[in-house]
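Chemist: I need the structure of the sequence given here:
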Amino acid sequence: MKRKYYITSFMLFFIAVPAMVGSRVLAQDSNLGITNPDKLYTVFPKTFISDIFWRDKISPDGKYIAGRSEGDVYILDLANPEAQYLRKNTSLEWVNEFDWMTGQEVTLRGMAGSEDKTVTYNLSTKKETASGRLPGTGTGQISGIYIYKYFDEQSNVGGVYISRPGKENAELILPGLFPASMSLSSDQKTLAYLYLKSQYSLCLGLYNIDTKENRDLAVDLDGTLKSEITFDPENKHVMLSLVTDKLDNYQKHQAVADRDLDLYAIHIATGAIIPVLIEEGDDVLVGVAGGKIIWNKIFPNVRTCILPADGSKVIPMIPELSFMPTWNNQGDQIAVVFGNWRMADVPLNWNIGTFTINKDGSVSEGLKPIAEGEYEEYGPAWSHDGSKLLYSARQNTPAFPTAGGELTEDLFVVKTPEKEVQKLTEQFQEISDIDLSPDDTKAVISAVKTGETKYKAFLVTLGPVEAGKAPVQEISPAGISQNILSVSWSPDGSLIACETGGGSKSKSLWTFTPEGKNEKKLVDFESLTFKSGVDFTPDGKFIVYAAFDGSHHQLFKIPAGGGSPLKLTSNTYDLLYPEISPSGEWIATTLFRHTRQIWIADLIYE
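Modeler: Model (predicted):
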């Protein structure tokens with residue numbers, strides 16, 4: 001029997017989670033099931049993207065869970081699930097990555113001032129020690145056997161290694177493989193690993209520790225690299241998170257599709273893919289400990305809203321998940337990024353659309369798609385004459401995207417409403433933000449060039465050009481050393497405002513001229529997310545930006561020439577990416593209230 005649970009009520013600022021306590025679910029065509037599910041812990045991530053997609057990790061001894069939130073790492077003792085946060089006890093100001101070393105040691109990598117630093121924190125002694133690298137293991141230490149993935153730069157050899165008790169050197173067992181997740185069976189006879197056979201084929205492999213036999217248990221899985229895998233207590237199944245039991249490449253590329261992750265088991269003897277728990281929201285496997293299964297349940301909630309210029313109230317707009325609004329010059333249409341936030345598919349599933357609003361701020365015509373490529377469309381900026389939208393898009397994104405130099409992101413322009421698209425650039429790895437000059441002849445963007453790592457400011461000259469060959473000029477001021485993350489052009493064209501930051505919560509707001517000179521810092525502030533957004537008011541006298549006030553990201557404004565910031569909003573949810581209407585009457589913004597939970601349930605056999 002397969003049972004489904006669905007959300008029964010929904011509001012803009014709250015997603016109701018179905019009560020499952022006491023329920024009983026048996027996997028179809030299998031005697032494996034779960035019972036007595038219980039919610040252990042809930043966080044409301046205040047980072048716009050990253051924290052919602054992190055997976056928690058069980059300690060090797062099965063006693064603790066570690067998770068990342070807002071640049072920190074929390075630890076839950078399963079016997080007493082009250083969270084303790086680690087960063088305050090370490091020298092790190094911001095944590096970007098973590099992993100377990102032993103049942104009492106967590107390795108953290110993050111920022112200490114401007115230094116990228118890795119430390120290992122001991123839960124018992126509450127002290128840190130220096131550490132060279134993250135362990136990068138999916139198995140931990142089990143009865144002395146330690147399995148890990150590693151690349152040796154000196155020998156140019158790497159893959160999956162096994163370290164056995166009494167043997168001085170580790171053995172390379174899977175050369176050239178770097179799995180996303182690994183699990184060792186409780187009898188220590190079999191290693192399961194989730195890996196990419198090609199950029200289009202996600203596979204589950206099995207390696208016999210004694211015979212050294214290696215085989216694929218399942219290929220072309222409709223899943224994600226972000227799922228952990230684990231054996232069930234009887235070593236009859238490998239459990240993981242999948243979207244469906246059969247890959248659906250068409251739905252994978254749709255902006256709006258029912259493709260959340262659920263809990264599945266793959267039967268080792270038959271290869272059958274068996275649904276275990278099918279519910280609304282992304283259910284991401286964490287692991288199995290003490291006969292119990294643990295998973296994350298994730299509900300992204302990202303909405304376009306408008307506010308009066310004084311920030312006195314928040315008015316929700318369209319029902320679709322959408323963000324990063326921009327106004328047309330008449331102030332009667334807003335363009336947004338829209339699409340479901342799916343852990344299995346990001347960054348494949350976002351498009352650009354527009355909707356129409358009345359003078360009173362109500363929606364008169366709903367969302368209409370305007371840029372609908374197969375891959376991620378992002379960050380629209382509307383020209384002042386209303387004839388075109390600029391946006392960025394990835395077109396070489398693999399089916400299971402990874403980070404780094406494999407990805408590129410290009411600048412595009414689409415005519416409205418004809419939907420005629422032209423590619424402008426082809427030299428960027430990542431584009432963070434876009435704005436147009438008042439005369440619509442140039443665009444300022446914050447971007448990372450291919451082969452580099454820093455976000456800088458560039459001018460792109462618009463006009464009829466050969467595809468990908470628009471003139472590009474870097475204009476990052478010499479006095480700005482940090483990443484330039486958000487940009488906005490002043491109404492008279494004399495200034496560009498930018499948000500800067502590094503790998504921590506410290507951000508700054510600057511102005512400089514379009515020639516990349518006369519940089520001036522206006523204010524330092526905090527933000528827990530990658531970027532917060534900036535925009536000039538129509539008269540050019542003020543700049544509106546988002547910053548963390550100690551509880552949530554709120555909207556502030558500051559004189560463009562410098563002065564004291566004024567807080568505009570005080571809400572119990574987070575607001576980012578302010579964009580002022582041409583009349584100055586409204587502020588369009590992105591509201592988000594993500595929910596990320598840890599659930600636990602008993603595994604049963606009948």
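Chemist: So Thr511 is in contact with Ala560, correct?
Modeler: Yes. At 6.7 Å, Thr511 counts as touching Ala560 under the criterion of C-beta atoms under 8 Å. In short, each C-beta sits where N, CA and C put it, glycine included.
Chemist: residues shared between the contacts of those two?
Modeler: The contact sets of Thr511 and Ala560 overlap at 490, 495, 497, 522, 543 (C-beta atoms under 8 Å, 6 or more residues apart in numbering).
Chemist: Pretty sure the first one sits against Ala560.
Modeler: Read that as Ser490. Yes. In terms of C-beta under 8 Å, Ser490 counts as a neighbour of Ala560; the distance is 7.0 Å.
Chemist: what about the helices in the stretch 201-350 of the chain?
Modeler: In the stretch 201-350 of the chain, the segments counted as helices under DSSP state H, counting those that start in this stretch are 249-252.
Chemist: Strands along that one, start to end?
Modeler: Counting by DSSP state E, counting those that start in this stretch, the segments of the stretch 201-350 of the chain that form strands are 201-208, 214-218, 222-223, 230-231, 237-244, 262-267, 273-279, 282-289, 292-299, 302-308, 315-316, 322-327, 333-338.
Chemist: do the stretch 401-550 of the chain as well
Modeler: Under DSSP E, counting those that start in this stretch, the stretch 401-550 of the chain gives strands at 410-415, 421-423, 428-436, 442-449, 456-461, 472-474, 483-489, 496-501, 506-512, 520-526, 534-536, 542-548.
Chemist: Relative to Asp310, which of the ones you listed is closest?
Modeler: Asp310 lies closest to strand 542-548 among the strands of the stretch 401-550 of the chain, at 11.6 Å (C-beta to C-beta).
Chemist: Could you list the paired strands of that closest one along with their orientation?
Modeler: Sheet pairing for strand 542-548, assigned by DSSP bridges, gives strand 534-536 (antiparallel), strand 553-559 (antiparallel).
Chemist: neighbouring contacts of that strand?
Modeler: For strand 542-548, contacts defined as C-beta under 8 Å, 6+ apart pick out 46, 488, 497, 499, 505, 507, 509, 511, 522, 525-528, 532-537, 553-560, 565, 568, 575-578, 580, 587, 589.
Chemist: do stretch 104-111 as well
Modeler: With C-beta under 8 Å, 6+ apart as the test, stretch 104-111 has contacts from 59, 66, 71, 73, 75, 86-87, 90, 92-101, 116-124, 131, 134-135, 502-504.
Chemist: Recalculate using a threshold of 6 Å.
Modeler: When contacts are defined by C-beta atoms under 6 Å, 6 or more residues apart in numbering, stretch 104-111 is touched by residues 66, 92-101, 118-124, 131, 134, 503-504.
Chemist: could you flag which of the residues you listed are buried?
Modeler: Taking 16 or more other C-beta atoms under 10 Å as the criterion, what is buried in these is 66, 92-95, 98-101, 118-121, 123, 131, 503-504.
Chemist: so Glu499 sits right up against Val487, yeah?
Modeler: No. Contact criterion C-beta atoms under 6 Å: Glu499 and Val487 do not qualify, at 8.0 Å.
Chemist: hang on, the earlier thing: of the buried ones among the contacts of stretch 104-111, which belong to strands?
Modeler: Among the buried ones among the contacts of stretch 104-111, the subset assigned to strands under DSSP state E consists of 66, 94-95, 98-100, 118-121.
Chemist: Show me which pair in these is furthest apart.
Modeler: Using C-beta to C-beta, the two most remote members of those are Trp94 and Trp100, lying 19.8 Å apart.
Chemist: list the contacts for Ala371?
Modeler: Listed by C-beta under 6 Å, 6+ apart, the contact set of Ala371 reads 352, 377, 391, 414.
Chemist: What of His237?
Modeler: His237 sits next to 32, 265, 267 when contact means C-beta under 6 Å, 6+ apart.
Chemist: could those residues be laid out in a markdown table, adding pLDDT and neighbour count?
Modeler: Formatted as a markdown table, the contacts of His237 follow (pLDDT from 0 to 100; neighbours: other C-beta atoms under 10 Å):
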| residue | pLDDT | neighbour count |
| --- | --- | --- |
| Leu32 | 81 | 24 |
| Ala265 | 95 | 28 |
| His267 | 95 | 19 |
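Chemist: Nearest to Lys313, out of the residues you listed: which one, please.
Modeler: Ala265 (48.1 Å).
Chemist: who's that closest one bridged to?
Modeler: Note on Ala265: beta-bridge partners by DSSP bridges are Met239, Ile274.
Chemist: Also Val73?
Modeler: Arg68.
Chemist: On the pLDDT front, check it for me.
Modeler: Looking at Val73, its pLDDT stands at 95.
Chemist: That one and Val106, how far apart?
Modeler: The spacing between Val73 and Val106, counted by C-beta to C-beta, to the nearest Å, is 7 Å.
Chemist: just Leu307 next, same as before
Modeler: 41 Å.
Chemist: Gly468 now?
Modeler: Per C-beta to C-beta, Gly468 is found 45 Å from Val106.
Chemist: Looking at those two, which is more packed in?
Modeler: Shown here are Gly468 and Val106; by other C-beta atoms under 10 Å, Val106 has more neighbours (24 against 14).
Chemist: For that one, what are phi and psi?
Modeler: When read as degrees, to the nearest 10, the backbone of Val106 gives phi -120, psi 130.
Chemist: Bridged to it, which residues?
Modeler: Beta-bridge pairing of Val106 under DSSP bridges involves Trp100, Tyr121.
Chemist: for Thr244, same thing?
Modeler: Counting by DSSP bridges, Thr244 is bridged to Asp222.
Chemist: burial measure for it, as a count.
Modeler: Thr244 sits with 19 neighbouring residues when counted by other C-beta under 10 Å.
Chemist: same check, this time on Val534
Modeler: The tally of other residues near Val534 (other C-beta under 10 Å) stands at 27.
Chemist: and it, bridged to which residues?
Modeler: Taking DSSP bridges as the rule, Val534 bridges to Tyr545.
Chemist: Looks like it contacts Ser488 (just checking).
Modeler: Yes. At 4.8 Å, Val534 counts as touching Ser488 under the criterion of C-beta under 6 Å.
Chemist: joint contacts of those two?
Modeler: With C-beta under 6 Å, 6+ apart, Val534 and Ser488 have common neighbours Ala497.
Chemist: how close does Met182 sit to Val219?
Modeler: With the distance defined as C-beta to C-beta, Met182 ends up 17 Å from Val219.
Chemist: pretty sure Thr595 is touching Phe299, no?
Modeler: Yes. The criterion here is C-beta under 6 Å, and Thr595 meets it with Phe299 at 4.2 Å.
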